[in-house]
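**Student:** structure for the following, please:
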Amino acid sequence: ERIFFGLVLLAIIALAPVMYYLLFERGWSVPSHSSRPDGQVEEPAGKPDAGKPDAGAQVRQFPPIRVSLVRLEGAVEIGSQGSNWRSASEGALVSRDDWIRTLGSSRVALVMPGQFSVELEPLSEYRLLASDGGIRFNLVQGMMTASLPKKTEKGMEVVSAHGVVRSRAGRFQMNVDRQGAILVGVLEGAIEIESREKTLKVGSGFMVSLKPGRAISGAVRIPENLPLDVRWPRLRKENRTELTIRGQTRPGARVLLDGEPIVVDPQGRFRKVVALKAGSNRFSVTASDVGGHTESLLSPEYILNPAE
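**Tutor:** Now for the predicted structure:
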């Protein structure tokens with residue numbers, strides 16, 4: 001019995017260093033649990049769930065966008081979410097998610113000094129969108145001229161209902177008509193237009209069109225001039241209180257009658273009934289395209305003598 005007890009004691013003494021190493025050096029300890037009043041075991045707190053945001057973490061913010069309205073002519077309005085419109089004034093500041101629209105024959109330029117400028121033609125509607133380093137806009141309808149004086153990493157992106165136009169430097173004009181058709185002319189530098197998972201690069205001196213539901217057309221060279229033909233009516237002997245003015249220009253061009261835009265069909269034809277006031281009447285028709293061309297014609301004099 002003494003021999004057996006001695007062997008057990010020797011074995012314990014021999015194993016003591018091994019047990020010390022396993023329990024304390026290697027950390028083979030039993031995790032501690034604490035009991036809750038309801039009898040359930042409370043596990044020790046682990047690492048936070050990577051899939052859930054930390055309540056104390058800061059939400060990433062986009063850099064602020066502050067754009068000035070300059071060279072304002074006529075009635076220009078600023079809105080939010082496409083409503084709540086208010087009159088804009090020269091030098092007004094607009095920021096992300098603001099809407100800008102030009103009424104009637106009004107015009108305005110959006111400027112961020114040293115970065116870009118965008119000129120909006122009459123009856124255009126525009127929106128500033130969130131951006132990460134670059135500048136992003138939504139041209140709902142109308143015509144704009146964008147200028148980027150220096151090359152930037154992300155540049156400018158203009159989105160519409162059916163395509164996206166991007167440029168890192170240069171100058172381009174873009175028109176979106178009421179049907180959503182896009183026409184872009186590159187005056188300096190280059191652009192990239194994307195639609196329906198197809199991307200096309202267009203260089204200076206070329207233009208490209210994109211119609212809803214269709215693929216991007218191939219780029220074509222910008223014509224040297226813009227045709228404009230107006231068929232002025234002849235005033236008959238009897239008194240008339242209105243005239244119908246008809247004409248034709250290049251498809252995709254914008255036409256203004258006395259500063260007010262009129263509808264141009266896909267063939268470039270336009271028609272407008274105008275009222276005559278007592279006495280002398282003259283009308284001007286101006287056509288412009290994304291190639292930077294502008295043509296104007298002045299009507300003959302029409303004299304209305306109201307019947308007594």
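**Student:** shaky segments in the stretch 51-200 of the chain?
**Tutor:** When residues are selected by pLDDT under 70, those of the stretch 51-200 of the chain lie in 51-65, 130-133.
**Student:** try it again at 50.
**Tutor:** Counting by pLDDT under 50, the stretch 51-200 of the chain has low-confidence residues at 51-62.
**Student:** ranges for the helices of it?
**Tutor:** Secondary structure of the stretch 51-200 of the chain (DSSP state H, counting those that start in this stretch): no helices present.
**Student:** can you pull out the strands in it?
**Tutor:** For the stretch 51-200 of the chain, applying DSSP state E, counting those that start in this stretch gives strands covering 66-73, 76-80, 83-87, 93-95, 98-102, 107-112, 116-120, 125-129, 135-148, 156-159, 164-167, 170-176, 182-195, 198-203.
**Student:** what's the closest of those strands to S288?
**Tutor:** Taking CB to CB, strand 135-148 is the member of the strands of the stretch 51-200 of the chain nearest to S288, at 7.3 Å. Using the backbone N, CA and C atoms, a C-beta is placed for each residue, glycine as well.
**Student:** just to revisit the earlier point, save the strands of the stretch 51-200 of the chain as TSV, and put in mean neighbour count and distance to V273 too.
**Tutor:** What follows is these, written out as TSV (neighbours: other CB atoms under 10 Å; distance: least, CB to CB, whole Å):
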stretch	mean neighbour count	distance to V273
strand 66-73	16	26
strand 76-80	17	27
strand 83-87	10	28
strand 93-95	14	36
strand 98-102	22	24
strand 107-112	19	25
strand 116-120	21	27
strand 125-129	19	25
strand 135-148	21	23
strand 156-159	21	34
strand 164-167	22	35
strand 170-176	23	24
strand 182-195	21	27
strand 198-203	14	38
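**Student:** quick one: those as a markdown table, columns for distance to S299 too.
**Tutor:** Formatted as a markdown table, the strands of the stretch 51-200 of the chain follow (distance: least, CB to CB, whole Å):
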| stretch | distance to S299 |
| --- | --- |
| strand 66-73 | 23 |
| strand 76-80 | 28 |
| strand 83-87 | 32 |
| strand 93-95 | 38 |
| strand 98-102 | 25 |
| strand 107-112 | 23 |
| strand 116-120 | 27 |
| strand 125-129 | 30 |
| strand 135-148 | 24 |
| strand 156-159 | 35 |
| strand 164-167 | 36 |
| strand 170-176 | 25 |
| strand 182-195 | 27 |
| strand 198-203 | 37 |
